[in-house]
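Show me how the following folds:
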Amino acid sequence: MSELRRIVVIRRDNIGDLVCTTPLIAALRARYPQAWIGALVNSYNAPVLEGSRDLSAVYSYEKRKHQGTHGGIVGTLIERLRLIRSLRAQNLDCAVIATSSHVARTVTLAAMLRPRTIAGFVDGKRPDARIHLPVPQQSTAGLHEVEAVYRLAPLLGIDAPIPPLRIAPAGDAIATARSALERAGLAGRVLVGVHLSARRPSQHWPAERYAELIVQLQERFGVASVLFWSPGAEDQPQHPGDDRKSAEVVKRVAGRAPLLAYPTTELRALIGALSICNVVICPDGGAMHLAAALGKPVVALFGDSPIERWRPWGVPHRVLRPESRNLADLPLEPVLEAFRALG
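Just a heads-up that it's a prediction; the model follows:
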């Protein structure tokens, strides 16, 4: 591929997926330091790239399942058309489809931007003459998502080892979290971030075990905890929340261990607060990948998702999964032992 001057990287799925794409974005910047490099993402995961020194611009659009925050279906479509026109005006050399699964829909979106070429993976359902296949084409079996996406690197003229994950917490989000710690009397304490929200039922750990974890972290190791969760009711159609579960945890912990309850309505707030924690304990999901990108040691609780593909990348970690692959069956003691083993 010839020298690229104007590139857009498309990653339209979840938070962790986009975090796992930041090494490829960093490698593109290192390879093409003078290029215009943009990212096209969705409004849900866009804050992952806030403050990125590797990107010239970040474009985001609202996915259908998240509609309702920008004027409903009509407003969403109008905004998407404006975004497409704006990216077309960049006269793109290359659109990079930075995912190895569910490619067909993203190919359609990439083609609408009218780049000179599209770099990506063909999934066997919708081949496109403008797509350059990685050579040699390899299976993603056994690969981490970071490695799977980075297979595009040679196609883009990159011959370098995989860079680390990279995200940049916002200064005001860090300051807000530090202020909350001071008000709670926890400034200067060793902090364990405990995030309890998870999308899939197999990734749900019971509230009573989260509560006892927080108590035992204090009693055995002398550390304080910050409890994170996605606020809202469990039956919210767009983003189910965990207010009831977190309230139960806080009630069970009250008077027994130092705890800051820290719901995060915005992703940037979660990133800022995770950045001031020393260790993070959480289910497999977006928060786990954010913690890894922030360089935090992680105790990761897995249900039925593949560990080899989604384990924390590039940081000290311990992964726990019960034989049933249902996190509800995981007892407390292995989690405490995993924390101890991280040192």
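
use CA for all of it now, contacts and neighbours both
Will do.

What are the buried residues along stretch 89-105?
90, 92, 93, 94, 95, 96, 97, 98, 99, 100, 103, 104 (16 or more other Cα atoms under 10 Å).

Using the three-state scheme, assign residue 269.
Assigned by DSSP: H, G, I helix; E, B strand; the rest coil, the conformation of residue 269 is helix.

I'd assumed residue 171 was in contact with it.
No - applying Cα atoms under 8 Å, one finds residue 269 not in contact with residue 171, separated by 10.1 Å.

quick one, longest helix in the chain?
Ranked by residue count and defined by DSSP state H, the top helix of the chain is helix 72-88.

which helices and strands does that helix pack with?
Helices and strands touching helix 72-88, by 3 or more Cα pairs under 8 Å, 6 or more residues apart in numbering; DSSP states H and E, are strand 57-61.

where does the stretch 201-343 of the chain dip in pLDDT?
Low-confidence segments of the stretch 201-343 of the chain (pLDDT under 70): 233, 235-240.

do the stretch 1-150 of the chain as well
In the predicted model, the stretch 1-150 of the chain carries pLDDT under 70 at residues 1-2, 63-76, 102, 122-140.

how many neighbours does residue 23 have?
When neighbours are defined as other Cα atoms under 10 Å, residue 23 has 22 of them.

distance between the longest helix of the chain and the chain's centre?
25 Å (Cα atoms, centre = their mean, to the nearest Å).

mind listing what's buried in it?
76, 77, 79, 80, 83, 84, 87.

Walking through the stretch 101-250 of the chain, point out its helices one by one.
103-112, 145-150, 171-183, 207-221, 243-253 (DSSP state H, counting those that start in this stretch).

if we can go back for a sec, residue 269 and residue 171: who's more crowded?
A count of neighbours by other Cα under 10 Å puts residue 269 above the other of residue 269 and residue 171, at 21 against 11.

residues contacting that one?
173, 174, 177 (Cα atoms under 8 Å, 6 or more residues apart in numbering).

I figured residue 262 hits residue 227, correct?
Yes - contact criterion Cα under 8 Å: residue 262 and residue 227 qualify, at 5.7 Å.

Now for the residue with the largest distance to the centre of the chain: which residues touch it?
Taking Cα atoms, centre = their mean, the residue of the chain most remote from its mean C-alpha position is residue 255, at 33.2 Å. Neighbouring residues of residue 255 by Cα under 8 Å, 6+ apart: there are none.

Okay, and it sits in which element?
Residue 255 belongs to no helix or strand when assigned by DSSP states H and E.

State the number of residues packed around residue 188.
Counted with other Cα under 10 Å, residue 188 comes out at 9.

Roughly how far does it sit from residue 155?
Distance, residue 188 to residue 155, using Cα to Cα, to the nearest Å: 47 Å.

what do you get for residue 260?
47 Å.

Mind checking which of those two has more residues around it?
residue 260 (21 against 16).

what are the phi and psi angles of that one?
Taking degrees, to the nearest 10, you get phi -110, psi 120 for the backbone angles of residue 260.

bridging residues for the residue lying closest to it once chain neighbours are set aside?
Spatial nearest neighbour of residue 260, excluding adjacent residues (Cα to Cα, 6 or more residues apart in numbering): residue 226 at 4.7 Å. Using DSSP bridges, the bridge partners assigned to residue 226 are residue 193, residue 260.

Please verify my assumption that residue 226 contacts residue 262.
Yes - if you go by Cα under 8 Å, residue 226 and residue 262 touch, sitting 6.6 Å apart.

which residues does residue 299 contact?
Taking Cα under 8 Å, 6+ apart, one finds 279, 280, 281, 282, 317, 318, 319, 320, 335, 338, 339 in contact with residue 299.

That one: what secondary structure?
With three-state DSSP as the basis, residue 299 sits in strand.

What distance do you get for it to residue 319?
6 Å.

same check, this time on residue 56
36 Å.

list the buried ones in stretch 17-34?
Within stretch 17-34, judged by 16+ other Cα under 10 Å, the buried ones are 17-29, 31-32.
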